[in-house]
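Asker: Turn this into a structure:
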Amino acid sequence: MKSKKILKIAFNMVKANKLRSWLTIIGVIIGIASVMAIVTTGEYFQEQVTETLEGLGGDTITIVASIPFQVNEDGEMVKDTEVSSEVAAETEEVAPETEEVTEETEEVSETNNSDSIEPESVTEAELTKTDVFTLLSIPDVEYINVNVEGGAELTFGSETTSVGVKGVDPNFWPKLTNKKVEQGRMLKSGDKSVVIISKELSNDTFEQEIRLNQMILLNGRSYRVIGILEKDEGLLGGLKGLFGSSIYMPYKDVYSLSYSDEDMPEREREIYDSIEIKLDEGSDYDAALKEIERKLRRSRRVTEDTQDFYINSPKKTIESTGKLINGLTAFLAFIAGISLLVGSTGIANTMFTSVLEKTKEIGIMKAIGAKNKDIMLIFLCNAAMISLVGGIIGILLGTAAVQVILLLISIQMKVPFEFALSLKGTVTATLVSIIVGLIAGLVPAKNAAELKPVDALRYE
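Answerer: Model (predicted):
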């Protein structure tokens, strides 16, 4: 039997039972639409999260100072230096020179022990110029930027608000950052008393817009606006402004905001909140991380247990975040796929019913020369048509549902709407719909093909 004839008979079988066929198709539509919506949404959010993390410094290694923690004898978590203070205090208590402990000695000992766990008695870890010089000695390091963060009272006109301020190295920050200037220029060597502000701060903070080259007051000091950054795009672009700073300036100017004139010696030490590193292109990323850690330990005279700094690798964060989203998407797609199983049972049920209804017709076709293969192909095509129609409609509905969700989110977050369509999800959903139909129709088609002409003709 010709393929055209087989397809025509299969199509007529679908048309002959429209209500039953559409009820079966609806089951497939629900399953495919659910899977399509989940896969597309998962891929979209993975792309947005990755873009956001990269915008915050995806290829930049960040180093911050941190005191290691240990657990003392009482089971309390304390800083490593606090444990050392407690051990020293206990050693003084059992000194061999004193045979009897007086009340005064006990009071002093108790005071020392209590003071040893106060945060004020602990010297905090710091990042200084020495660390910068150590990092510069590593061949894989291309650029180094230092960050000094703080807060300030911003006054513009008659209005005042609190803002986050980040001090950066004007020589290297423009080469490391992913931020771009919409108006004005980036910081450069020799800049003093100048700032670059975010688009949100410029437009949305005050009634009057802050424009290029205007003067603003930070903690009572005057600064000129030399640049306004572009607004971060994307669904999660607002997170960059939420967790980032609104004002950027040369890091030495930040000290004047945070310290008084009496603290000049402290400012001259140039203590940094973090150090950012960009590696040469083509360098071994993992090997460079190990080398940075090794050299800093040697320079700061610490071991792995007493390490007083932390290296943040956004590359690993992006990879782990991607795996997390992929795992969650796969789990939800599996849950939604259960509805596909329900749809496949509906197709199988429809096919079994069709076989019973068409038993006499099957007998007639076999009596006039139709082969078992022809009968089987007719019922398989019937099942494939039902599942394919359901798959196509499911893909369209799933895609439409995703666009509606993203549109509502973009309106709520006041960001531009972006159309999202997963090519992988579309192809997968189409193939799955066809495969589900073929598998569900395989047994009924096989039963129909194996019917004997005589038995089929005598079937009531």
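
Asker: which residues in the stretch 201-350 of the chain form strands?
Answerer: Taking DSSP state E, counting those that start in this stretch, the strands of the stretch 201-350 of the chain run over residues 215-218, 221-229, 247-250, 274-279, 309-312.

Asker: ok, Ala65 touching Asp308?
Answerer: Yes. Counting by C-beta atoms under 8 Å, Asp308 is a contact partner of Ala65 at 6.3 Å. C-beta here means a position set from N, CA and C on the backbone, and glycine is covered the same way.

Asker: Single out the most deeply packed of the strands of the stretch 201-350 of the chain.
Answerer: Across these, averaging neighbours per residue (mean count of other C-beta atoms under 10 Å) puts strand 247-250 on top, at a mean of 25.

Asker: Overlap in contacts, Ala65 and Asp308.
Answerer: Ala125 (C-beta atoms under 8 Å, 6 or more residues apart in numbering).

Asker: what residue is smack in the middle of the protein?
Answerer: The C-alpha lying nearest the average C-alpha coordinate of the chain belongs to Val49 (C-alpha atoms, centre = their mean; 3.5 Å).

Asker: From Leu19, how far off is Ala348?
Answerer: Going from Ala348 to Leu19 by C-beta to C-beta, to the nearest Å gives 18 Å.

Asker: Compare these two (neighbour count), which wins?
Answerer: Using other C-beta atoms under 10 Å, the more surrounded residue of Ala348 and Leu19 is Ala348, with 20 against 7.

Asker: Point me to the helix or strand that includes the residue lying closest to the more buried one once chain neighbours are set aside.
Answerer: Spatial nearest neighbour of Ala348, excluding adjacent residues (C-beta to C-beta, 6 or more residues apart in numbering): Ala440 at 4.2 Å. Secondary structure from DSSP states H and E places Ala440 in helix 423-449.

Asker: re the thing from before, could you report the neighbour count for the residue nearest to Ala348?
Answerer: Residues near Ala440, counting by other C-beta under 10 Å, number 27.

Asker: Kindly report the same for Gly220.
Answerer: A count of nearby residues for Gly220, using other C-beta under 10 Å, gives 9.

Asker: so who does it touch?
Answerer: 153, 155.

Asker: any idea how far it is from Gly157?
Answerer: 15 Å.

Asker: wouldn't Ala384 be in contact with Ile434 here?
Answerer: Yes. Counting by C-beta under 8 Å, Ala384 does reach Ile434; the two are 5.8 Å apart.

Asker: which of the two has more neighbours?
Answerer: Set Ala384 next to Ile434 and count neighbours by other C-beta under 10 Å: Ala384 wins out with 23 against 16.

Asker: How far off centre is whichever strand or helix holds the more buried one?
Answerer: Assessed by DSSP H and E, Ala384 sits inside helix 372-413. Taking the mean of its C-alpha atoms, helix 372-413 sits 29 Å from the chain's own mean (C-alpha atoms, centre = their mean, to the nearest Å).

Asker: I'd like to know which elements that helix is packed against.
Answerer: Under the contact criterion of 3 or more C-beta pairs under 8 Å, 6 or more residues apart in numbering; DSSP states H and E, helix 372-413 touches helix 3-16, helix 18-55, helix 314-357, helix 359-367, helix 423-449.

Asker: out of those, which comes closest to Asn178?
Answerer: Asn178 lies closest, by C-beta to C-beta, to one member of those: helix 18-55, at 5.2 Å.

Asker: which residues touch the closest residue to Ala383 other than its chain neighbours?
Answerer: Spatially, and ignoring its direct neighbours in sequence, Ala383 is nearest to Gly441 (2.6 Å; C-beta to C-beta, 6+ apart). By C-beta under 8 Å, 6+ apart, Gly441 lies in contact with 347-348, 351, 379-380, 382-384.

Asker: just the residues you listed now: which is nearest Ile9?
Answerer: Distance to Ile9, by C-beta to C-beta, is smallest for Asn382 among the contacts of Gly441, at 8.4 Å.

Asker: Poorly predicted segments of the stretch 51-200 of the chain, please.
Answerer: Residue ranges of the stretch 51-200 of the chain with pLDDT under 70: 52-59, 67-123.

Asker: Now do the strands in it.
Answerer: 61-65, 69-71, 77-79, 141-156, 159-168, 181-184, 194-197.

Asker: and Glu126, which of these is closest to it?
Answerer: Closest approach to Glu126 among the strands of the stretch 51-200 of the chain (C-beta to C-beta): strand 61-65, 5.6 Å.

Asker: Pretty sure Met385 sits against Lys15.
Answerer: No. Look at Met385 against Lys15 with C-beta under 8 Å: they stay out of range, at 10.2 Å.

Asker: okay, those two: which has more neighbours?
Answerer: For Met385 versus Lys15, neighbours defined as other C-beta under 10 Å are more numerous around Met385 (20 against 8).

Asker: I'd like the distance between the closest residue to the more buried one other than its chain neighbours and Gly390.
Answerer: Sequence neighbours aside, Val14 is the residue nearest to Met385 in space, at 5.6 Å (criterion: C-beta to C-beta, 6+ apart). Applying C-beta to C-beta, the value for Val14 to Gly390 is 12 Å.

Asker: which of the two has more neighbours?
Answerer: Comparing Val14 with Gly390 by neighbour count (other C-beta under 10 Å), the higher total belongs to Gly390, at 29 against 21.

Asker: My read is that that one contacts Ser433, right?
Answerer: Yes. Using C-beta under 8 Å, Gly390 is in contact with Ser433, at 6.2 Å.

Asker: Need the overlap of contacts for these two.
Answerer: 28, 32.

Asker: measure Gly167 to Glu182 for me?
Answerer: Applying C-beta to C-beta to Gly167 and Glu182 gives a distance of 22 Å.

Asker: where's Asp374 relative to Leu135, distance?
Answerer: Computed as C-beta to C-beta, the Asp374 to Leu135 distance reads 76 Å.

Asker: domain assignment for the chain?
Answerer: Domain assignment of the chain by automatic domain parsing yields the ranges 3-55+319-457, 68-121, 129-307.

Asker: I'd like to know which of those lies nearest to Ser313.
Answerer: Within the domains of the chain, the stretch nearest Ser313 is domain 129-307; the backing value is 6.2 Å (C-beta to C-beta).

Asker: From Val168, how far off is Pro250?
Answerer: Distance, Pro250 to Val168, by C-beta to C-beta: 7 Å.

Asker: joint contacts of the two?
Answerer: Common contacts of Pro250 and Val168 (C-beta under 8 Å, 6+ apart): Leu187.

Asker: residues touching Phe206, list them.
Answerer: Under the criterion of C-beta under 8 Å, 6+ apart, the neighbours of Phe206 are 156-157, 159, 161.

Asker: Of the residues you listed, keep whichever come out buried.
Answerer: Listed as buried from these are Phe156; burial here means 16 or more other C-beta atoms under 10 Å.

Asker: how many other residues sit next to the closest residue to Arg300 other than its chain neighbours?
Answerer: Leaving aside its chain neighbours, Arg300 sits nearest to Asp308 (6.4 Å; criterion: C-beta to C-beta, 6+ apart). By other C-beta under 10 Å, the residues close to Asp308 number 21.
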